[in-house]
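Asks: Coordinates for the following, if possible.
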Amino acid sequence: MAVAASPAVAGAAVGAAAGSMDEGVYGQDIVAPAWVAHGLDYGDRERGSSGAFGYFYNFIDYGFVEGDAEYRARHYLDEQGTAHFLHPPAQDDFALRVLVFLAMRFERLVWLDSQLGYVNIPDAVMAEVEKRMDAHMAAHSG
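Replies: Predicted structure coming up:
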């Protein structure tokens with residue numbers, strides 16, 4: 001399965017051809033990623049430095065697909081507990097289910113604002129995510 005990424009990204013994608021991951025892994029989840037990829041993105045070594053890269057990002061990307069809609073999220077491995085939603089935090093059903101998936105795994109959810117960079121998901125959206133997460137967990141607990 002191919003990963004849509006910049007040429008500077010080295011990553012391997014894992015996922016079922018039908019568009020969702022193994023039900024055994026995500027069977028209790030509200031939505032399952034269509035693919036997961038571990039990638040690296042890095043720049044040239046800085047001149048005169050100790051050989052360090054100008055930048056170095058080690059991350060896990062999650063891709064969610066439903067019909068024509070697609071959402072992506074990223075977790076940088078050096079940012080414990082934070083997931084980056086790579087879209088404006090819409091309140092459509094699919095986006096909210098993706099945010100529930102992320103909220104069940106990460107303490108902090110942020111999104112990439114084109115002007116401000118990464119900012120927290122708005123409180124109103126998070127309130128709906130928490131409501132849906134509570135209902136989902138109650139329906140699927142033993």
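Asks: So what does residue 139 look like in phi/psi?
Replies: Main-chain torsions, residue 139, degrees, to the nearest 10: phi -70, psi -20.
Asks: now it: how far from residue 133?
Replies: 11 Å (CB to CB, to the nearest Å). From N, CA and C alone the C-beta is placed, and that goes for glycine too.
Asks: Check residue 140 too.
Replies: 11 Å.
Asks: re earlier: who's more crowded, residue 139 and residue 133?
Replies: A side-by-side neighbour count of residue 139 and residue 133, using other CB atoms under 10 Å, places residue 133 first with 20 against 9.
Asks: list the contacts for the more buried one?
Replies: By CB atoms under 8 Å, 6 or more residues apart in numbering, residue 133 lies in contact with 30, 100, 103, 104.
Asks: do that again at 10 Å, thanks
Replies: 30, 96, 97, 99, 100, 101, 102, 103, 104, 126 (CB atoms under 10 Å, 6 or more residues apart in numbering).
Asks: what residues are shared contacts of residue 139 and residue 133?
Replies: Taking CB under 10 Å, 6+ apart as the contact rule, residue 139 and residue 133 both touch residue 30.
Asks: between residue 140 and residue 133, what contacts are shared?
Replies: residue 30.
Asks: and the contacts of residue 133, which of them are in helices?
Replies: Under the assignment DSSP state H, the contacts of residue 133 contribute 96, 97, 99, 100, 101, 102, 103, 126 to helices.
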